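In: build me a structure from this.
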Amino acid sequence: MDDDKQLESLIHAELRKLPEVPAPANLMPRVLARLEARRPWWQKSWFAWPATMQVASVLLWLGVVGAVGFFGLEAWHGLQATWNESVLRDVLVSVLGALATSARASLATLNGQLWVIAGAALGLMVAMYLICVAAGSAFYRAFVQKR
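Out: Sure thing, here's the model as predicted:
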């Protein structure tokens, strides 16, 4: 066992004396090209897809955009037809009235303490700002930052 350790240290010492051999200049581009060639077509850039898949994806995209436009217009026309009915208007007025009544009651409870309202508004603005920063950081990390 001791002979194995001595042999290992002798080989290690001799290998450390050897000069470092530089890698060929074209090694990295060749390795990257081989890795890129092994990737499936759907993981590559859209411009590298087969022509049939490009055409199919464009047709699919046009279909989705057309369907969203068609159903969006139908929903808009349906909403306009419903809006003319008094039921939706009555519901909207009653909901807004209830919100106004509850806000008025909340303000009356505060007895005019404007600093409480201002503090709550400031806290809400700070929370909204922090949510925007967190969402921006998450999107940057997920979609922009290189992995």
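In: just checking, what packs against the longest helix seen in the chain?
Out: The single longest helix within the chain, with elements called by DSSP state H, is helix 51-83. Counting contacts by 3 or more C-beta pairs under 8 Å, 6 or more residues apart in numbering; DSSP states H and E, helix 51-83 packs against no other helix or strand. The C-beta positions use only the backbone N, C-alpha and C, and glycine is treated the same way.
In: give the next helix or strand downstream of that helix.
Out: Where DSSP states H and E defines the elements, the next helix or strand beyond helix 51-83 is helix 86-109.
In: lowest-pLDDT helix or strand in this protein?
Out: helix 86-109 (a mean of 80; mean pLDDT, DSSP states H and E).
In: quick check: mean pLDDT across the helix or strand just after that helix?
Out: Note on helix 86-109: by DSSP H and E, the next helix or strand toward the C-terminus is helix 114-139. On average, the pLDDT along helix 114-139 is 87.
In: got the angle for helix 114-139 vs helix 86-109?
Out: Orientation of helix 114-139 against helix 86-109 (axes from the mean of the first three to the mean of the last three C-alpha atoms, to 10 degrees) gives an angle of 120 degrees.
In: in helix 114-139, what counts as buried?
Out: If you call a residue buried by 16 or more other C-beta atoms under 10 Å, then helix 114-139 has no buried ones at all.
In: rewinding a little: in terms of secondary structure, what does the least confident helix or strand of the chain contact?
Out: Taking 3+ C-beta pairs under 8 Å, 6+ apart as contact, there are no helices or strands that helix 86-109 lies on.
In: that concludes my questions; thank you for your assistance.
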